[in-house]
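*Asks:* from the sequence below, what's the structure:
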Amino acid sequence: MTLTETQLQQLDRDGFLVIPGAFSNEEVEVLRAEVPRLMAEDRPENQREAGGGAIRNLLSLHRRSEVYARLVRHPRLVRPAMQILGERDLYAQQVKINPKAGFDGIGFDWHTDFATHHKRDGVPRPLALNLHILLDDVDEFNGPLIFVPGSHKREIPLQRSVDGEKWELWTVPREAVAALVRELGMVSAKGPRGTLLIFGDNLLHVSAQNITPYSRWIFSLILNPVANAATKDVAAYAHERDRSPVRPLADDCLLQPLAA
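*Replies:* Got it, this is the predicted structure:
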């Protein structure tokens, strides 16, 4: 998949793209079929909501599943990232699903990803790209991501916080969020399953609680240039240590048989 000039201009202006239909229903079903097994595993990569409730994040999926190892190298993710960044050598910085369980999936505070990537992980520059695939239909009720268009071009104040069970990150004070939202507005990144979201490391965003009885699974791959790699030693599931460049597979890689 190659992004059009119009899409590249929109990404530069707004800081994000929403691309419906990037992945087929058949491909999404292949991805969804792996999730129950991964959720059942008792391991640190399955982080829970504060207080030990529902699973908040399933991390390092490409090291736990051949399906997700293929997805990390899917050309519909890797090639647009190379095109946007003008870089061939990108590594998988983080690979996860935020499952946001029905009723129990708590939201995330207002934040920019680069604040945590820089302060916690030691990533030098805000070059990493978030590539999300909606594995469920996402609407205004089940906790969509909400973006502030153009906020990636503003200086945003930060405060240190803790998310879930020990997940260190930096959030944005409410007064700063209020000023930016009044000026720039908000966009809810909704869409049917198979929708692709692309957004940059400096974009201000948030997500609310899933108030429905239904799941809201979103896959997230962060690709970062090898030349911009983290300089601090953090848990591998928070920031992967393998800096090998990802190379795109065939476009039908998710539908090919798995090794016996």
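
*Asks:* wait, what's in contact with the closest residue to Leu196 other than its chain neighbours?
*Replies:* Spatially, and ignoring its direct neighbours in sequence, Leu196 is nearest to Ala22 (3.6 Å; CB to CB, 6 or more residues apart in numbering). Using the backbone N, CA and C atoms, a C-beta is placed for each residue, glycine as well. Neighbour list for Ala22: 1, 76, 133, 194-196 [criterion: CB atoms under 8 Å, 6 or more residues apart in numbering].

*Asks:* so Leu90 bridges to which residues?
*Replies:* For Leu90, the beta-bridge partners under DSSP bridges are Pro225.

*Asks:* ok, the one 5 residues further on next?
*Replies:* Beta-bridge pairing of Val95, defined through DSSP bridges, involves Leu221.

*Asks:* what's the pLDDT at it?
*Replies:* On pLDDT, Val95 comes in at 97.

*Asks:* likewise for Trp167?
*Replies:* With respect to pLDDT, Trp167 has a value of 59.

*Asks:* now do the SS call for His117.
*Replies:* helix (DSSP: H, G, I helix; E, B strand; the rest coil).

*Asks:* just give me the neighbour total for it.
*Replies:* A total of 27 residues lie near His117 under the criterion other CB atoms under 10 Å.

*Asks:* and the gap between it and Glu66?
*Replies:* 27 Å (CB to CB, to the nearest Å).

*Asks:* next one: Leu184
*Replies:* 41 Å.

*Asks:* what do you get for His152?
*Replies:* Separation of His152 from Glu66 (CB to CB): 34 Å.

*Asks:* do the same with Pro36
*Replies:* 16 Å.
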